[in-house]
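Asks: next input, structure requested:
(one chain, ligands or ions: 1)
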Amino acid sequence: MKKFLLMALCVPALSNLSWAQTADKCGYNFIHAAAIKRNPNFDAEHATMTQEAIKNASLTGAKLTTTTTLTVPVVFHIVLDSDYLKLMDPATISDRVNSQIAVLNEDYNKGNADSTKIPTVFKTRYGNPAIRFGLAKVDPHGNPTPGWEVIVTTKNGFELNNDDPGANAKHVDSGGADAWDVTKYINVWITNFLVNGSPSTTIGLTIMPSYTVGAGAYPKDEMGVMLRYDAWGRRSSSTENFFANIDQGRTLTHEMGHYFEMIHIWGDDGGQCPGSGGTDDGMADTPPQADATYGCPTFPVTDACSKSVDTGIMFMNYMDYTNDACMYMFTNDQANAMHGELLPTGESYSLTQHPELLAVPDVPAISTSNLSIYPNPTTGKINLTFAPAPKDLEAISVVNILGQKVWEKSINQQQISIINIDLSGMTKGIYFVECQYSKGKEVRKILLQ
Ligand SMILES: [Zn+2]
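Replies: Numbering: from 1, shown residues only. Just a heads-up that it's a prediction; the model follows:
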């Protein structure tokens, strides 16, 4: 895989020479190398993955002309230390999440405005995967969720160059966030990557369903996508912090392609060509291609595998490595293969079977007359008094504005009438006291001054 640096303009006002790095793009190589290390026959045993995708592409084409769009629930786990969280500006997280979902829904439904740039020769190959993505509205406990959570970790990043790349970000006990049931949600972790302990220019990484079965497989609860903290969402202002040329949300479009079992358009075969030792991507309607494309070339581009100068390589395909602004299509075969993963015979079918996770849950209203919180605003200590003491109170927690639990106590339906909570020393601002009853949750806002 090519890796190089581009020199950026120096900033005269600061007399400061800075370097803009080119994204190493997707960390598929890390995922693949670790799997081979665990099982040298991993490729041979997983050839069925590509074969299955090709079969889907050829078999589902006719069905897709009348297909109904399928919707899958998505949850974002933002796992960063406080320094990286500041770099991303916590106040913009909700906007980033929403912009990212919008990009996915455009790109997976032929709704992307930049499709006008598709070269004439490729226009009839512009495919519609007909997959919609919805932010989860219900968490695994049945409670309402915005579809994202922030976990402030003490780790400054998660290592990719090991036997299970990035895995520590996916488990609470190693400083990360546990996956939500992978048969119901697509889990996306936003974090910082390290390679040999140093920050990495890898911007995305995916464990696809087929990599969680068979010898050498990854654990099921690690299935999903990981994205670098500055390589997701769509830019809405020039001051937002994004990786160079990666600000249109296309990293997740690419990684979601892997999640639906797409491989890179050049086949990850070290520059070889189909028919002479190479594998290519198995899709009949993507031109043969030797290797990854970086930057933003001008069409047409040919390489060692090009058979026709009329088409050249399809560097504007989402499964290549071009800049966000320079990739804008899946092909019909890719679209059909991915859609096939969500049909009853596909590996991700179960994701389509939980529409209830996409609707705001009907949490029964709880009488608030018997709870008082004082003082509010507070400088630290608060008292919760219940009169009368409830019989079905299960737990009380205090949650900050980012949705993180900062205090928690299990009640287990003991009849308690007074609870003292000390928030002294915590960051000043708005918090929420959440009382979880057996039949629902009561939330009160408090201000720490
Ligand atoms: Zn990739």
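
Asks: for H258, helix, strand, or coil?
Replies: When classified by DSSP: H, G, I helix; E, B strand; the rest coil, H258 comes out as helix.

Asks: contacting residues for it?
Replies: Applying C-beta atoms under 8 Å, 6 or more residues apart in numbering, one finds that H258 lies in contact with 26, 28, 206, 208, 225. (Glycine included, C-beta is placed from N, CA and C.)

Asks: so of those, which ones are in helices?
Replies: Per DSSP state H, helices hold the following members of the contacts of H258: Y28.

Asks: among the contacts of H258, which one sits closest to V301?
Replies: C26 (20.1 Å; C-beta to C-beta).

Asks: next, give phi and psi for L358.
Replies: Backbone geometry at L358, expressed as degrees, to the nearest 10, gives phi -100, psi 0.

Asks: state the number of residues packed around it.
Replies: 18 (other C-beta atoms under 10 Å).

Asks: again with R96
Replies: 23.

Asks: could you do R444 as well?
Replies: 15.

Asks: would you confirm that it contacts L371?
Replies: Yes - in this structure, R444 is within contact of L371 by C-beta atoms under 8 Å, at 7.2 Å.

Asks: which neighbours do these two have in common?
Replies: With C-beta under 8 Å, 6+ apart, R444 and L371 have common neighbours C435.

Asks: how about the contacts of H258 in JSON lines, adding distance to G295, pLDDT and neighbour count?
Replies: Shown next, in JSON lines, are these (distance: C-beta to C-beta, whole Å; pLDDT from 0 to 100; neighbours: other C-beta atoms under 10 Å):
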{"residue": "C26", "distance to G295": "16", "pLDDT": "92", "neighbour count": "23"}
{"residue": "Y28", "distance to G295": "19", "pLDDT": "92", "neighbour count": "20"}
{"residue": "T206", "distance to G295": "23", "pLDDT": "97", "neighbour count": "24"}
{"residue": "M208", "distance to G295": "27", "pLDDT": "94", "neighbour count": "26"}
{"residue": "V225", "distance to G295": "24", "pLDDT": "98", "neighbour count": "24"}
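
Asks: and the contacts of H258, which is closest to Y108?
Replies: V225 (13.9 Å).

Asks: check the gap between the closest one and P73 for me.
Replies: From V225 across to P73, the span is 14 Å (C-beta to C-beta, to the nearest Å).

Asks: now do I101
Replies: 11 Å.

Asks: coming back round to it: can you narrow the contacts of H258 to ones near the ion?
Replies: 26, 28 (C-beta under 5 Å from the ion).

Asks: per the record, what domains does the chain have?
Replies: 5-358, 371-448 (automatic domain parsing).

Asks: circling back: identify the contacts common to V225 and P73.
Replies: I186.

Asks: give the contact list for G271.
Replies: Counted by C-beta under 8 Å, 6+ apart, G271 has contacts 278, 290-291, 304.

Asks: confidence score at it?
Replies: Predicted confidence (pLDDT) for G271: 84.

Asks: for K428, see how far away it is.
Replies: Taking C-beta to C-beta as the measure, G271 falls 57 Å from K428.

Asks: do R132 as well
Replies: With C-beta to C-beta as the criterion, R132 and K428 are 40 Å apart.

Asks: looking at the two, which one has more neighbours?
Replies: Remark: of R132 and K428, R132 carries more neighbours, 15 against 12, as counted by other C-beta under 10 Å.

Asks: bridged to the more buried one, which residues?
Replies: T71 (DSSP bridges).

Asks: equivalent analysis for V79, please.
Replies: I151.

Asks: re earlier: which residues do I101 and P73 both contact?
Replies: Joint contacts of I101 and P73 (C-beta under 8 Å, 6+ apart) are 134-135.

Asks: higher neighbour count, those two?
Replies: Comparing I101 with P73 by other C-beta under 10 Å, the one with more neighbours is P73, at 23 against 20.

Asks: give the contact list for V103.
Replies: V103 neighbours (C-beta under 8 Å, 6+ apart): 112, 233-234, 248-250, 252-253.

Asks: wait, I meant N241
Replies: 87-89, 230.

Asks: show me which of the residues you listed is closest to the ion.
Replies: D230 (17.7 Å; C-beta to the ion).

Asks: grab the nearest non-local neighbour of the closest one.
Replies: F243 (4.7 Å; C-beta to C-beta, 6 or more residues apart in numbering).

Asks: got the contact list for the residue of the stretch 301-449 of the chain at minimum distance from the ion?
Replies: Distances between the stretch 301-449 of the chain and the ion by C-beta to the ion are smallest at M319, namely 6.8 Å. M319 sits next to 254, 257, 262-265, 281, 286, 330, 334 when contact means C-beta under 8 Å, 6+ apart.

Asks: cool, K391 as well?
Replies: Residues in contact with K391 (C-beta under 8 Å, 6+ apart) are 413, 415.

Asks: state the pLDDT value of it.
Replies: 80.

Asks: so which helix or strand takes in it?
Replies: Secondary structure assignment for K391, by DSSP states H and E: no helix or strand.

Asks: and the contacts of M319, which two are furthest apart?
Replies: Across those (C-beta to C-beta), the longest gap, 14.2 Å, separates H254 and T286.

Asks: L447 in helix, strand or coil?
Replies: Quick answer, by three-state DSSP: L447 is strand.

Asks: what segments of the stretch 201-350 of the chain are strands?
Replies: 202-207, 224-228 (DSSP state E, counting those that start in this stretch).

Asks: CSV for these, including distance to N323?
Replies: Below are these laid out as CSV (distance: least, C-beta to C-beta, whole Å):
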stretch, distance to N323
strand 202-207, 12
strand 224-228, 15
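
Asks: tell me which of those sits nearest to T311.
Replies: strand 202-207 (27.2 Å).

Asks: what is the closest one packed up against?
Replies: If you count contacts as 3 or more C-beta pairs under 8 Å, 6 or more residues apart in numbering; DSSP states H and E, strand 202-207 packs onto strand 25-26, helix 28-38, strand 193-195, strand 224-228, helix 250-259.

Asks: that one pairs with which strands, and in what direction?
Replies: strand 25-26 (parallel), strand 224-228 (antiparallel).

Asks: using TSV, please lay out those strands together with distance to N400.
Replies: Shown next, in TSV, are these (distance: least, C-beta to C-beta, whole Å):
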stretch	distance to N400
strand 25-26	33
strand 224-228	23
